[in-house]
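Novice: with the input below, show me the fold.
(2 chains)
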Amino acid sequence: MIGNLGQWALNSVNSLACLVKIIIGSFRSFPNPLHPSRRPIALVYLKQVYFTGFESLTVIIIISLTIGTVLITQIISLVGAGNESLIGRVLVWVVIRELGPLLTAIIVIARSGTAIATELGYMKINGEIDCIEALGIPAEQYLIMPRIFGVTTAVIVLTIYFEIFSILGGFLVASIGWHVSFEKFSQGILSSLTVMELSESIVKSLVFGLFLTAASCWHGLEVGKSSTQIPQAATKGVMQSLFLIFILDGVITFASLAFRNG
Amino acid sequence: MDEMIRAENICLAEITTATSFSVRPGDMTILVTPKDEVSALLTRILIGLTQPACGKIFLFNNDIATLAAWELRDIRRRIGIAFGTGGLVSNLKVWENLTLPLYFHQHLNNDDIEKRGLALLERLGYSGKFMDLPGHLTASQRKLIGRARAMLTDPDLILYESPVSGLSQEEKNTFFRVACEFHREKSARASLFITSNLDVVRSLPTAVVINLTKGQIL
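Specialist: This is a model prediction of the structure:
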């Protein structure tokens, strides 16, 4: 039992080290702005931003509006409709600090994480990654780096959209259901919305984006020669990404709390 | 003397006799293998994607086993590799596949790349679509685009893996004509055909033939 636990811990540390290596490798393989490779790499980056960011926007808006309405209903049932500043404050705490980055990352894992792991696994089995290397093109620079930065950019932007639409959804329900005025509602939100809250949200989405993409890429590239390994890679990528973002969420939240308390 | 490729006592599971050969600037060489799978494996070995069971490979006088990944990539940029299956990237359109190495390695503007790409495709007799994904092409069209991609960078050495397998007689004739013209266009250019199809030997009578099935040079 203890041996298994130790083995599991060792494997987890090894996996984390691999992901950190992939992320550092991506930063290091950033192309020289004067090198011609910047054009095809930028194209892969933009395609990834479009696929992950733009095409997920509708899903993000619908889910965030729904979350906002559910949250505001629960908050009002807890603190009452008359306490607008507390309503705003709780909404900021829950949405900006926690749910925005976390749920956005989960949606991106479900949509883009699986797609990346599957795509890279398929390319590996078909020998396409070797063909890219045979052209003198570093696969890490052409395939991994733009995907990592593309998804991370998209996660940050989608998180901002998620937070805006959650608060908007919350206000609409509070306004229609409990006649909460926009002035008091926005005062409650603005009074609790500090640079610290926004920084925490952006740092979380940045870290989630980097790690979820690295996990998906890693599992995609781990595919061997059998096509049955592709769905396994996608599943492993999703599970590891989910596990990681929950752990990292806890770590960043504790670090942020420690920072606030000096 | 400068050698573009030198294989020293390499052996594969399918070829029992350890074989040595070299390709020098200007050479047109045919490596005859027992089957297409061996041609594919040998191509991978010659460009350093797979290690041989034994022996050494030298590319442009560098032992590839001792090179760093970036050094090997720099050397590969001097080689055009026409894979037997085309070796196209499935999520890039035909035109993107064709021009990828040019965009990645060379400071050329879009117009120049477009002119070079279109001229080469016309010369090779490509009549398919440019903006389709490779999955929509026939096997011979994928092969042709892979070949065009290998030629487009104007390499010092060009490797053709199983160049005529799956082609019609007309497509084979076009290939042999264009491959010979392409070989002559640059004086020091070497062409290496890795094939199990003896049509290549018959159609390129001036080439040096190395028969790996018997471990001998003809």
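
Novice: what's the closest non-adjacent residue to A:Val108?
Specialist: Spatially, and ignoring its direct neighbours in sequence, A:Val108 is nearest to A:Val155 (5.5 Å; Cβ to Cβ, 6 or more residues apart in numbering or on different chains). The C-beta positions use only the backbone N, C-alpha and C, and glycine is treated the same way.

Novice: no, scratch that, I was asking about A:Met145
Specialist: A:Ser26 (4.2 Å).

Novice: low-confidence ranges in the chain?
Specialist: No chain in the question, so chain A it is. Counting by pLDDT under 70, chain A contains no low-confidence segment.

Novice: think we crossed wires, I meant chain B
Specialist: Chain B contains residues with pLDDT under 70 at B:1, B:13-17, B:214-218.

Novice: OK, contacts around the residue nearest to the spatial centre of it?
Specialist: What sits nearest the mean C-alpha location of chain B, by Cα atoms, centre = their mean, is B:Leu159, with 2.3 Å. Shown in contact with B:Leu159 (Cβ atoms under 8 Å, 6 or more residues apart in numbering or on different chains): B:Thr43, B:Leu46, B:Ile47, B:Ile79, B:Gly80, B:Ile81, B:Ala82, B:Ala150, B:Leu192, B:Ile194.

Novice: and the next helix or strand past the longest helix along chain A?
Specialist: For chain A, the helix with the greatest residue count under DSSP state H is helix A:145-178. Helices and strands here follow DSSP states H and E; after helix A:145-178, the next one along the chain is helix A:182-192.

Novice: so what secondary structure elements neighbour that next one?
Specialist: The contact analysis (3 or more Cβ pairs under 8 Å, 6 or more residues apart in numbering or on different chains; DSSP states H and E) places helix A:182-192 against helix A:84-91, helix A:145-178.

Novice: buried sites along the helix or strand following that helix?
Specialist: Heading C-terminal from helix A:182-192, the first helix or strand you meet, by DSSP H and E, is helix A:195-221. Of the residues in helix A:195-221, A:197, A:200-201, A:203-221 count as buried by neighbour count, 16 or more other Cβ atoms under 10 Å in any protein chain shown.

Novice: out of those residues, who's near chain B?
Specialist: Checking the buried residues of helix A:195-221 against chain B by Cβ under 8 Å from any Cβ of the partner chain, not one of them is in range.

Novice: SS state for the residue nearest to the centre of chain B?
Specialist: Secondary structure, DSSP: H, G, I helix; E, B strand; the rest coil: B:Leu159 is strand.

Novice: any chance of JSON lines for the helices and strands packed on helix A:182-192, columns mean neighbour count?
Specialist: Listed next are those as JSON lines, based on neighbours: other Cβ atoms under 10 Å in any protein chain shown:
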{"stretch": "helix A:84-91", "mean neighbour count": "22"}
{"stretch": "helix A:145-178", "mean neighbour count": "22"}
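
Novice: residues from the stretch 51-200 of chain A in reach of chain B?
Specialist: Residues of the stretch 51-200 of chain A lying near chain B (Cβ under 8 Å from any Cβ): A:119, A:122-123, A:126-128, A:130-138, A:142.

Novice: hmm, 6 Å instead?
Specialist: For the stretch 51-200 of chain A, the contact set with chain B under Cβ under 6 Å from any Cβ of the partner chain comprises A:Glu128, A:Asp130, A:Cys131, A:Ala134, A:Leu135, A:Gly136, A:Ile137.

Novice: let me know the closest of those residues to A:Ile109.
Specialist: A:Glu128 (24.0 Å; Cβ to Cβ).

Novice: show me the contacts for that closest one.
Specialist: A:Glu128 is in contact with B:Val89, counting by Cβ atoms under 6 Å, 6 or more residues apart in numbering or on different chains.

Novice: now do the phi/psi pair for B:Thr195.
Specialist: Taking degrees, to the nearest 10, you get phi -150, psi 160 for the backbone angles of B:Thr195.

Novice: quick one: contacts for it?
Specialist: By Cβ under 6 Å, 6+ apart, the residues touching B:Thr195 are B:Ser39, B:Ser162.

Novice: quick check: bridge partners of it?
Specialist: For B:Thr195, the beta-bridge partners under DSSP bridges are B:Val32.
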